[in-house]
Each structure stands twice: as C-alpha cells, then as structure tokens.
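Q: need a 3D model of the sequence below.
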Amino acid sequence: MRHAFPCGDLALDFAGTRRGRRDPVPREMLRTPADLDVWFVEAGVADRAPGSGPDDLADALTLREAVYALVRARLVGDRGAAEAVAVLNRAAARPSVVPQLGPRGRTVEATAGQALSSVARAAVAVLGGPEAALLRECGRPGCTQVYVDTSRGSRREWCAMATCGNKMKALAHRARLRGNPPLRPSRLGS
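A: Residues are numbered from 1 along each chain as shown. Modelled structure (predicted):
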C-alpha cells in the first residue's frame, strides 16, 4: 500500500494525505492524478482506478484542504471558513459512488468526481454529526493526523498505535531510562 489509513474515517484519512502540515515542507501524498487513483482504490472508494486527470487532482486538493480547514476549525473551537463549507457542500452535492451487485459480488466503479463526492459526504457526516465532538489531533509532535476518539474515557492519544503510538512509547521509555520525566502529548482541541 502506498497510502496510510490510520484515522478510521474516509474523510479524515483523505485530509491526512498531506503529512506533517506544520513542518517546513509538508509531505504531499497526492502529487499526480495516478496518486489520487491509487488512494481511491486503497481507501475502498472504488474497485478500479477512475482515471483521474489534472482537473480531478486540483478538485481533490481543494476538497482536501477544505476538509482539513473545517476539521482544524472544529479542533480549535472556530466556526470554520464559509469558503471551506461551500467547497465541501459543492462536492457533497455531486452524485456519489454507487455500489452494484455483479456476478462476483459487490463492485464499485466510479469517476473521480463520484469518488470525491463520497469523500465529501463522509466529511459532512463526521463534521456535522455527534462524532465532531470526538475529533482529536495525534499527540505525536510532527503528526497532524486527526481521528475520532471513541476510546473508553476519551483517552486515545495517537492516530494509530502501530505508528505514532509505538514511536511515542519508545521515546517515553528511553526518557525514563535516562531519568527524564515521560513525554506527554499535547492535545489540540481537547
């Protein structure tokens, strides 16, 4: 797999395709239309690459930044930019992916526009529903992935244990061995 899906939510994983947003040079995961097609397939939005073009990639990046702006606004207690809401709503209003039953079971063929509409609808669901109050940003410095914290007591600190959680636990262990206090993640939006 070329892409990571630590957030457990289609829209949040899509927003996470720009990694390390506060780094001097964030890491862009959607550099080409082919990267976008791979993301759609790996995310399960479509069974086959939709054949995205440069305009689809531009639309995807615009949608992704709108989703992230609205998530970020939610985390810091702002209402969100009207333009980001408009971008999200325009994408969500387009026809979305329609799964079909075929001879081999469920199939999903989609255009890039349909796939983006499905992502936008997922963003509307998470930002406009009860899960919005459970949005958290990963506590590992440098990681800007956002996830829905459904853990008991809302104690989840990292986007994924396999990546950020293990790194932070290893850092805390080494700090304890050196006699330093354990590292504690700062929680944005809590």
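Q: this structure: strands as residue ranges?
A: When secondary structure is read from DSSP state E, the chain shows strands at 18-19, 27-28, 100-102, 105-107, 135-137, 146-148.
Q: of all the ones you listed, which one is nearest Leu12?
A: Nearest to Leu12 among those is strand 146-148 (5.2 Å), distances taken as CB to CB. (C-beta placed from N, C-alpha, C; glycine too.)
Q: how far away from the center of its chain is that closest one?
A: Using CA atoms, centre = their mean, to the nearest Å, the mean C-alpha position of strand 146-148 is found 8 Å from that of the whole chain.
Q: quickly run through the sheet partners of that strand, with directions.
A: In the sheet, strand 146-148 lines up against strand 135-137 (antiparallel) (DSSP bridges).
Q: mean confidence for the strand it pairs with?
A: Summarised as a single mean, pLDDT over strand 135-137 is 85.
Q: tabulate the strands of the chain (a markdown table), appending mean neighbour count.
A: Formatted as a markdown table, those follow (neighbours: other CB atoms under 10 Å):
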| stretch | mean neighbour count |
| --- | --- |
| strand 18-19 | 16 |
| strand 27-28 | 11 |
| strand 100-102 | 9 |
| strand 105-107 | 9 |
| strand 135-137 | 22 |
| strand 146-148 | 23 |
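Q: the ones you listed into TSV, with extra columns for distance to Cys7?
A: As requested, the strands of the chain are exported to TSV (distance: least, CB to CB, whole Å):
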stretch	distance to Cys7
strand 18-19	12
strand 27-28	16
strand 100-102	27
strand 105-107	23
strand 135-137	10
strand 146-148	4
